[in-house]
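Colleague: Here is my input, please return the structure:
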Amino acid sequence: MTIDDKGWFTEVCEDAGTAFSLKTSRKLHQEQTPYQRIEIFETEQFGSLMVIDGFIMLSGRDNFIYHEMLAHPALFTHPDPKNVLIIGGGDCGTLREVLNHEGVGRVQQVEIDERVTRLAEQYFPELCVANNDSRAELHFDDGIRWVKAASAGQYDVIIVDSTDPIGPAEGLFSEPFYRDCYAALGDDGILVQQSESPLLHQSIINDMRSAMRRAGFEQAQMLGFPQCVYPSGWWSATMAANRPLGHFREDDASNKTFATRYYNSAIHRAAMALPEFMRQVLK
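Modeller: Numbers count the residues shown, from 1 in each chain. Here you go, the predicted model:
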């Protein structure tokens with residue numbers, strides 16, 4: 001990560017031979033927490049920008065795509081989601097989207113670094129509007145340990161809103177973690193996790209899918225969507241369950257009682273369509 005003398009922030013993706021830049025106007029905040037270095041910038045065109053350990057986490061302009069696609073496909077695929085667990089998600093954007101579903105009765109969010117949430121409340125307040133919802137519980141703890149301690153069948157949906165599979169998040173992409181998620185989900189339970197770029201990170205996606213299957217999940221479905229601030233500009237989430245994931249409550253999605261900026265029933269269906277090269281790549 002570099003910022004040149006003209007204010008351009010650049011994240012270099014060495015393994016892909018690519019880089020992405022945003023023009024910043026000033027740095028708003030910087031701190032080193034016990035877990036990571038967090039920086040907040042003001043950009044000229046993309047609103048506030050959160051960077052963790054040199055990697056872009058979210059921008060004010062396009063985060064709605066990621067948060068909506070991590071939350072709504074899984075919730076509209078489950079027949080009746082009541083109890084939801086979010087692992088990570090410290091910026092609270094996914095929490096906000098989950099709580100748009102009136103049938104959801106309880107959401108526990110487990111983020112290891114409280115400073116991510118407190119800085120989101122300060123610099124991304126629009127993402128934190130549901131933090132005081134009576135159905136929301138914010139816990140600042142180790143998500144891996146939390147899932148391991150969960151009761152059998154405790155959750156309907158588990159959403160893993162994590163950083164890349166390095167550092168503190170590496171264990172969130174492992175078979176033991178998925179086994180614990182499997183045990184913590186009910187019969188119709190769905191696990192969904194951000195799964196990197198279909199163009200650049202095919203081996204990560206395949207490793208995830210293999211680990212999910214070994215953990216007991218019989219079905220997996222990748223969902224693709226644009227995300228211009230992430231490497232390649234094309235991102236994904238992967239759902240796993242023991243039930244078919246190609247069908248969802250399409251009428252409910254079409255007649256949802258809340259506003260979205262990206263997600264709708266047609267987007268949901270289209271996101272499940274795999275490009276030909278991914279059909280050949282996915283195991």
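
Colleague: ok, which stretches of the chain are helices?
Modeller: Assignment of helices within the chain using DSSP state H yields the ranges 63-77, 93-98, 114-123, 143-148, 175-184, 202-214, 250-254, 265-271, 276-281.

Colleague: Just say which of those helices is most tucked in.
Modeller: The highest average neighbour count among the helices of the chain, using mean count of other CB atoms under 10 Å, belongs to helix 93-98 at a mean of 26. For the C-beta atoms, the positions are set from N, CA and C on the backbone; glycine is no exception.

Colleague: tell me how far that helix is from the chain's mean position?
Modeller: In terms of CA atoms, centre = their mean, to the nearest Å, the centre of helix 93-98 is found 10 Å from the chain centre.

Colleague: If you count contacts, what does it end up packed against?
Modeller: Judged by 3 or more CB pairs under 8 Å, 6 or more residues apart in numbering; DSSP states H and E, the packing partners of helix 93-98 are helix 63-77, strand 83-88, strand 106-110, strand 155-161.

Colleague: Please convert the ones you listed to CSV, extending it with mean pLDDT and distance to residue 185.
Modeller: Rendered in CSV, the data for those read as follows (pLDDT from 0 to 100; distance: least, CB to CB, whole Å):
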stretch, mean pLDDT, distance to residue 185
helix 63-77, 98, 11
strand 83-88, 98, 9
strand 106-110, 98, 14
strand 155-161, 98, 6
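
Colleague: nearest to residue 279, of those?
Modeller: In this view, the helices and strands packed on helix 93-98 are compared for proximity to residue 279 by CB to CB, and helix 63-77 is the closest at 19.4 Å.

Colleague: just to revisit the earlier point, a markdown table for the helices and strands packed on helix 93-98, including distance to residue 98?
Modeller: As requested, the helices and strands packed on helix 93-98 are arranged in a markdown table below (distance: least, CB to CB, whole Å):
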| stretch | distance to residue 98 |
| --- | --- |
| helix 63-77 | 5 |
| strand 83-88 | 5 |
| strand 106-110 | 5 |
| strand 155-161 | 7 |
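
Colleague: coming back round to it: wait, which of the helices of the chain is closest to residue 14?
Modeller: helix 202-214 (15.4 Å).

Colleague: May I have the residues that are in contact with the nearest residue to residue 117 once chain neighbours are set aside?
Modeller: If the residues on either side of it in the chain are set aside, residue 117 comes closest to residue 90, at 4.7 Å by CB to CB, 6 or more residues apart in numbering. For residue 90, the contacting residues are 111, 113-114, 116-117, 120, taking CB atoms under 8 Å, 6 or more residues apart in numbering as the criterion.

Colleague: Considering those, which is situated nearest to residue 153?
Modeller: For the contacts of residue 90, with residue 153 as the reference and CB to CB as the criterion, the closest is residue 111, at 23.6 Å.

Colleague: Could you measure from the residue nearest to the closest one when sequence neighbours are not counted over to residue 43?
Modeller: Distances taken as CB to CB, 6+ apart place residue 90 nearest to residue 111, at 3.8 Å, with adjacent residues excluded. Using CB to CB, to the nearest Å, we find residue 90 at a distance of 20 Å from residue 43.

Colleague: got it, and residue 158?
Modeller: Here the criterion is CB to CB. By it, residue 158 lies 32 Å from residue 43.

Colleague: And for residue 118?
Modeller: Going from residue 118 to residue 43 by CB to CB gives 21 Å.

Colleague: least trustworthy helix or strand in the protein by mean pLDDT?
Modeller: Each helix and strand of the chain was given a mean pLDDT (mean pLDDT, DSSP states H and E); the minimum falls on strand 2-3 at a mean of 78.

Colleague: before we move on, back to that, just name the closest of the contacts of residue 90 to residue 143, please.
Modeller: Within the set of the contacts of residue 90, residue 111 lies nearest residue 143; the separation is 7.6 Å, counting by CB to CB.

Colleague: Nearest residue to the middle of this structure?
Modeller: The residue lying closest to the centre of the chain (CA atoms, centre = their mean) is residue 161, at 3.3 Å.

Colleague: What count of nearby residues applies to the closest residue to that one other than its chain neighbours?
Modeller: With CB to CB, 6+ apart as the criterion, residue 161 has its nearest non-adjacent residue at 3.6 Å, and that residue is residue 89. Look at residue 89: counted by other CB atoms under 10 Å, it has 31 neighbours.

Colleague: Who are the contact partners of residue 235?
Modeller: 66, 194, 196-198, 224-227.
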